[in-house]
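Asks: next input, structure requested:
(2 chains, ligands or ions: 1)
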Amino acid sequence: MDKKLKRILPRVQKPARYTGGEYNQIIKNKAEVDLRMAFCFPDTYEIGMSNVGMRILYSTINSMTGVWCERVFAPWGDMEEEMRAAGVPLYALESGDPVADLDAVGFSIGYEMAYTTVLNMLDLAGIPLRSEDRTELLPLVFAGGTACCNPEPMAQFMDLFVIGEGEEMDNELLELLRTAKRGGWSKKDFLCRAADIEGVYVPSLYEPEYNADGTLRCVTPLDGAPARVRRRIVKDFDDSHFPTRQIVPSTEIVHDRVNLELFRGCIRGCRFCQAGYVYRPVRSRSVDRLLEQGLESLKNTGYQEITLSSLSSSDYRQLPELCDGLLDYCRERSISLALPSLRADNFSMEIMQKVQSVRKSGLTFAPEAGSQRLRDAINKNVREEDLLESCRVAFAGGWNGVKLYFMLGLPTETDEDVVAIAQIAKDVLHCWRENALNKNRGVRITVSTSCFVPKPHSPFQWEKQIPMEEYLRRVNLLRGEMNMRNVTYNWHDPETGFIEAALSRGDRRLGAVLEQVWRDGGRLDAWSDYFSFERWRRAFEKCGLDADFYAARERGRDELLPWEVVDTGVRREHLWRERERCYASELSPDCRTQCTGCGANALIGGVCNG
Amino acid sequence: MDKLRLRFSKTGRAVYISHLDMMRTMQRAFLRAGYALKYSEGFNPHAQISILLPLSVGCASVCELMDFTLTEVSGLAELPGRLSAALPEGIRAMEVYAPETKAKQLKWLEIEGRFEYDGRDSVAMAEALNGFFARESMVIRKKTKRGEAESDIAPAVRSFSAMEGEEAVLVRAVISAQEPTLNPELLPSALRQLVPELAPDFAEFTRLETYGENMSVFR
Ligand code: SF4
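Replies: This next block holds a predicted model:
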C-alpha cells in the first residue's frame, strides 16, 4: 500500500471503504492486461457498492480478456481533505493505482445531484475537467446511467456518453478503445468512430444554437454523427449477464444483500415516473434462471438476505413460484427474503404474508397523491380501497407501522388533493384501530412528502415545477390537517428538489454553473451535510443563468427540448398524449392490459411481452 | 456442542476492517466455506463467535484467536484451507482446535512496531527509544470513558527493544493483553507526551504472539 495512504487511513472515518481487498474483488495480472478502466461511482462506497448496475457492469467488463475494470468511489470530506493535503490522487480500489494512469474513466451517474461529485473526482484524479482540455486519447472520460438520458448539463466534461443499458455497449466501446490505443489513433478519430456504436453520444459532435428567449433553436450534428442517439437496451434480458460472484464488502454498506433483478422496465406508465418510460419495454427473466442466480449468489457471498429488485416487483408474472422457490432454500438457512416495491393490492399482500413471517416492522406504500382524481391524473393506478385492504391485512397480521409516500406539486394538484393526503392517513389509522392484532403495541404511521420534479422523457417533461414558496404553503396546509396522534408528517425541503429540477431539464450552458458550484466548494450535493442552496444560487447568478428558466417554466408543445438528442424509443407524441390525458384525469391501461403504442417495442424489434 | 478455536492472521489491507465488521466477515466466510455456525436462541439470533482480543483498526496480527461453535463438527482438518479461500485478501485461517485454555488466561502479547522517523537517523532513534522504555515509570494521560485519566503504563510493558530497520526503527515489545489492556498506540502516545523529540512521524503495529501469565505460548 502507498506509504502516504497508510498514514492517512488511521485518521479518517471508516477507512475500510478506501482500501479495496474485499472478497470476490477482481484482480488481474497487469502483464496480461492491455486496457484498464476505472469504473467511477460519484457517491460514497456505501451507496455505490449498493448499486446493482455497477455490480453488473463491473462483472461484464471484467469478463473481457485483457481488460481490467476497477472500482472508484467518492471520498467523504475528511478523506478528501487528507488526500489533498498529502498529495494522494484518486486511486482505483483494486490496484491502488492512480485513476489518471488508467485508459478509460467511466462514471455511472444515477441522479443529477451527483454532477458536482463527478467534477470533484476528476479533479482529485488530476484529470482536466473539460473534454476540450484533454487533447490526448487517453484517459477517455465518459458517463452513463439514468441521469444521462439528458446528457447536456455534463456535455462539456464528457468525451462521450453511453445511453441506456451498458452490458453490451460498454464492451463494444472498450474494444474500440483498445484498437485505438494500439493503433495510436487521435482522440477525434476515435470519437467519430465511437459515435457509430449504437447508444454512444459524442457531445462534441453536436452544435446547439439558441433563440433569443434562451430556448434551443437547433442542434447540428457534425462529422456524420446521427441526428439522434437511440438508447441501447439488452434485447434478451433473460440471457444477459448477471454476476453471481459479487464482491462482499468487508464493511457495512446501505444494501448489504443479494439483489435479484426480476425484470427491466415497468408496465405501469405512471406519468411522473422517468424510470417507467426510459427503461421500456419490460423484459423479464425466467423463474428457473432467477432461482439459479439467486441461490448461486447466496452461496458465493454468504449473504443472509436476498431482495427482489425491480421497479414494481408485484408485476413479475411468476412471483409466487419465485418466492416459493427462494423460500425453500432460505427458510432452513435463516436467510431473509425482502420484497420492496410491492403494490398495494391483495395479490401482493398474500405474498408479503408468506415472505415476511419473521420481521413485521414496517410496510411502505407510495400512493404519490392523496385523491383518486389526482392519482388517475398521474396514472398511479392504486385505489384507496386497495391500500386500506392491504393495511387491514397487514395490521391483522401483526404489522404496526406503515410509511406512506406522496408528492406535492403534481400537475393539476389543488388544495383539495393536498388535504386528501391527511384523509388517507386518518383512514389508515382508523383501519388500524379496527383491525390491529394487538393495540397495546401502538401504531406508527409516517407520511412523507417531497416536491415533484418534472423529468425529461416523461409525460411531464413540459411541466413547470411549483415554486418553493408554493410547496411550503401546501406543506403547511397539510400540516394543519395532520393533527392525529400516531401520525408523523415529514416533508423534504424544496431546495434540493428545485436544483434537481433545474439540472434534470438543463441544457449545455449549465456546465458553467456546475463548474462554478464545484469551484465554490460544492461536491456530494446529494448529502444534506454538503448541499448548499446558497452556493447554487450564487453560481447561477454568476453565470448569468436563471434557474427558474429550467425548473419553473412550462415548455411549449413545439419547443425543441435539449434532451431530445436522446431517443429513448418512446415517441414524443405518446408522451404528449399522456400529458393531455393527465389534464383530463384519464387513466391509461398498463402495457399488459393493452398496448398504448408508445413505440418502445421497436427497440426489441417486435411485440412487447414482458 | 464443543467450542472450537480458530487461529488466524489479519494483515495487509485487511487491517482496516473494524472489529464489528470482522465478526460479520467471519460469519459470511463460514457460510461460504460450507460450515454452519451455531446460532444463539432467542428473538434476535446471532452466531456464537467471539474474537478473544479485539484488534484495533490499523493494527495487523498473525496470532488472532476466535472461539466459535459449529452445529455439526465434521471436516475440521479441511477447515483452515476452506475458510482461507472464503476470506477476503489479507485474512488467513491457520489452525483450528478444541481450546484447553480460557480466554481470560491470555495475559501477554508480543508485538512488533515500525516507527517511521522522516529524515532522522534510525540508529540514534533506536538507541534513544531503548533508553526511554527502560524507565521504571511512564505516567501518561489516557482517554477514558469519563474524560482523561493519568496512568503509569510501565508495568504493562514487560519488555521493549528497538533496532534499526529499513527506513524505520523496528520495535519489539511484550505488552499486557488484558487487565490492563495496553493498546500499542500508547507507546508512540507516551513518546509524544513525555519525550516529543522521540515521537515517530508514523507508527504501525503487528501482533506476533499470545502468551499466558508465565510467558508460555497461549493457544
Ligand atoms: S409498445 Fe406498448 S406494450 Fe410496449 S412499452 Fe410501449 S406501450 Fe407498453
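Asks: show me what contacts the closest residue to B:Arg172 other than its chain neighbours?
Replies: Nearest residue to B:Arg172, sequence neighbours excluded (CB to CB, 6 or more residues apart in numbering or on different chains): B:Ser161, at 5.1 Å. In this view, the C-beta of every residue, glycine as well, is placed from N, C-alpha and C. B:Ser161 is in contact with B:Asn130, B:Val171, B:Arg172, B:Ala173, counting by CB atoms under 8 Å, 6 or more residues apart in numbering or on different chains.
Asks: cool, and A:Glu175?
Replies: Neighbour list for A:Glu175: A:Met64 [criterion: CB under 8 Å, 6+ apart].
Asks: report the buried residues of the host helix or strand of it.
Replies: Per DSSP states H and E: A:Glu175 is located in helix A:166-183. Within helix A:166-183, the residues that count as buried by 16 or more other CB atoms under 10 Å in any protein chain shown are A:166-174, A:176-178, A:180-181.
Asks: CA-only coordinates of the helix or strand where the residue nearest to B:Arg172 lies in CSV, if you can.
Replies: Taking DSSP H and E as the criterion, B:Ser161 maps to strand B:157-165. Output of strand B:157-165 as CSV, limited to C-alpha atoms (Å, rounded to 0.1, in the frame of the first residue of the first chain):
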residue,chain,number,x,y,z
VAL,B,157,5.3,-3.1,29.1
ARG,B,158,7.1,-6.3,30.1
SER,B,159,9.9,-5.9,27.6
PHE,B,160,11.0,-3.5,24.9
SER,B,161,13.7,-3.4,22.4
ALA,B,162,14.3,-1.2,19.3
MET,B,163,16.7,-1.7,16.5
GLU,B,164,17.4,0.0,13.2
GLY,B,165,15.3,-1.3,10.3
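Asks: parallel or antiparallel, which strands does it pair with?
Replies: According to DSSP bridges, strand B:157-165 forms sheet pairs with strand B:168-176 (antiparallel).
Asks: what's the partner strand in contact with?
Replies: With CB under 8 Å, 6+ apart as the test, strand B:168-176 has contacts from B:107-117, B:122, B:125-126, B:129, B:133, B:155-164, B:182, B:184, B:187, B:200, B:211, B:215.
Asks: in it, what counts as buried?
Replies: Result for strand B:168-176 [16+ other CB under 10 Å]: buried residues B:Ala168, B:Val169, B:Leu170, B:Val171, B:Ala173, B:Val174, B:Ile175, B:Ser176.
Asks: and what of stretch B:203-219?
Replies: So, applying 16+ other CB under 10 Å, buried residues of stretch B:203-219: B:Ala203, B:Glu204, B:Phe205, B:Thr206, B:Arg207, B:Leu208, B:Thr210, B:Tyr211, B:Phe218.
Asks: in three-state terms, label the third one for me.
Replies: So that's B:Phe205. Following DSSP: H, G, I helix; E, B strand; the rest coil, the label given to B:Phe205 is strand.
Asks: beta-bridge partners for it, please?
Replies: Bridge pairing for B:Phe205 - DSSP bridges - gives B:Gly113.
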